[in-house]
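J.: fold the following.
(one chain, ligands or ions: 1)
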Amino acid sequence: MNIARQKGCKDILPDESKIWQYIEKQVREICRTYNINEIRTPVFEATELYCRGVGNETDIVNKEMYTFLDKKGRSITLRPELTAGVVRAYIEDGLSSKMSSPIKLWYVGNMYRYEKMQKGRYREFSQFGVEYFGSNSYLADIETICVSSELLKRLDLSDKVNLEINSIGCEKCRKEYINKLKEYIKPNLCNMCDTCKVRFDKNPLRILDCKEIKCSDILKNAPVITDFLCDDCRKDFENIKMALNKLEIEYTINPRIVRGLDYYNKTVYEYVSKDLGLAVGGGGRYDKLVSTIGGVDTPAVGFGMGMDRLVLLLKEYNLVDKLNTNIDVYFLTDESTYIPIQKYINNLRSLGYVVESNIQQRSFNAQFKYANKIGANFVVIVDKEDFKDNKCDIKNMITGEQFKIKLDINSIKEKIDNA
Ligand code: AMP
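T.: Below is the predicted model:
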């Protein structure tokens, strides 16, 4: 049998899973300090959640969903994103009455999109995301931006990534802008790509996101939404910019950002890799999504960061060396000492040391070679005679020094800690 991995999926091997664990650790730690609580929701949901909640005219919903009928003929979709799922849970599980507002949630998990593959783009990928419910203040937008910026800072990626922000206004100001945009595009529509032609009627804002050169050329002089914001949306956007300046979070304004899902309003933003041009994350406000999915009108804001792309950047910039875990000590034993020595091995592990031992029943020489190969800092040697005398040898593999010491945890610890 020769069964291959599915296209667009990847196996995360130990060398790389260390990087994932490191990022996830930072994510957990940051969210703890911001008092953001973890939520875990199912990987699949009823298809209507995405069709209704996310809107029908985005690429994600139109072309990229993994949708299938289950054994009872129900239409099921593997989650292409998690905001809609979190909103579903927020409503269905009655979080607004169980927790105090603002309700701050985070998640890490796999998403599924049937995408054309390229560097950093997979069909199964992972996102870290944060969703805040209940605050319509720009301060909530700012706090979520602080969370994502803090993650980039901790990963040493702040100067490798641009924060691009925009405001797409509210329903009121967007309507006026869309009319102006369509007026501008109409005479040129015949020269644009087929996707833009469809979007012109169905979701004209998305035209701004087209990457085809002939379309972006036409759009160069298109009206920008920030010129059409109503007083409330303008004030909100000014506040966001003022706060980012004060917090010394660098950003640029990109009036072409509209985001891939069409539930956003007011502030939207994306983090884009400066060298690779890849989006690393994105988010914004989505004040109407909770009511669209059937809940009580609730303002909300959030973001999603692509975990695979963070890993890619850490590798690209060689920021992963520090993540190599060292083996603190290898216990070199023979057949008679292996089992009696286990309690020392496991005690050291309980204290947080990384310990390896002879579970392959290798010879003494082979064990030394192995300890060298895995880069153990110390080797503790316990043969039959030493064990009888309650003694052992400990060898510092870096300096080559070797000492005969008492076989007890404190004596071993002392040698390791004082190296
Ligand atoms: P989106 O939900 O499309 O705004 O995506 C948020 C983030 O998830 C993006 O900025 C990417 O970093 C990441 N992402 C989206 N789609 C993919 C994909 N197909 N493969 C890997 N990462 C992705």
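
J.: give me phi/psi at the closest residue to the ligand within the stretch 51-200 of the chain?
T.: Closest residue of the stretch 51-200 of the chain to the ligand, C-beta to the nearest ligand atom: Phe125 (3.4 Å). C-beta coordinates here come from the backbone N, C-alpha and C atoms, glycine included. According to degrees, to the nearest 10, the main-chain angles of Phe125 amount to phi -140, psi 170.

J.: and Val161, by the same measure?
T.: On the backbone of Val161 - angles per degrees, to the nearest 10 - the values are phi -130, psi 140.

J.: ok, and the closest non-adjacent residue to it?
T.: With C-beta to C-beta, 6 or more residues apart in numbering as the measure, Tyr271 is the residue that lies nearest to Val161, at 4.9 Å, once sequence neighbours are left out.

J.: tell me which element Val311 falls in.
T.: In this structure, Val311 is located in helix 307-316 according to DSSP states H and E.

J.: repeat for Lys266
T.: strand 265-273.

J.: give me the sheet partners of that strand and which way each runs.
T.: Strand 265-273 has these partner strands in its sheet, going by DSSP bridges: strand 161-167 (antiparallel), strand 279-285 (antiparallel).

J.: quick one: is that strand near the ligand?
T.: No: for strand 265-273, no contact with the ligand is found by C-beta under 6 Å from any ligand atom; the gap never falls below 6.6 Å.

J.: count residues in the vicinity of the closest residue to the ligand within the chain, would you?
T.: Nearest residue of the chain to the ligand: Gly306, at 2.1 Å (C-beta to the nearest ligand atom). Other residues within reach of Gly306 by the criterion other C-beta atoms under 10 Å amount to 23.

J.: so it sits against Arg121, correct?
T.: No: judged on C-beta atoms under 8 Å, Gly306 makes no contact with Arg121 at a distance of 9.2 Å.

J.: hmm, Gly304 and Phe125 touching each other?
T.: No: taking contacts as C-beta under 8 Å, Phe125 lies outside contact range of Gly304: 10.4 Å.

J.: how about the residues of the chain by the ligand?
T.: Near the ligand, when you scan the chain using C-beta under 6 Å from any ligand atom, you find 81, 113, 115, 120-122, 125, 127, 260, 279-282, 304, 306, 308-309.

J.: tell me the mean pLDDT over the helix or strand hosting Glu385?
T.: The secondary structure element spanning Glu385 is helix 384-388 (assigned by DSSP H and E). Rounded to a whole number, the mean pLDDT of helix 384-388 is 94.
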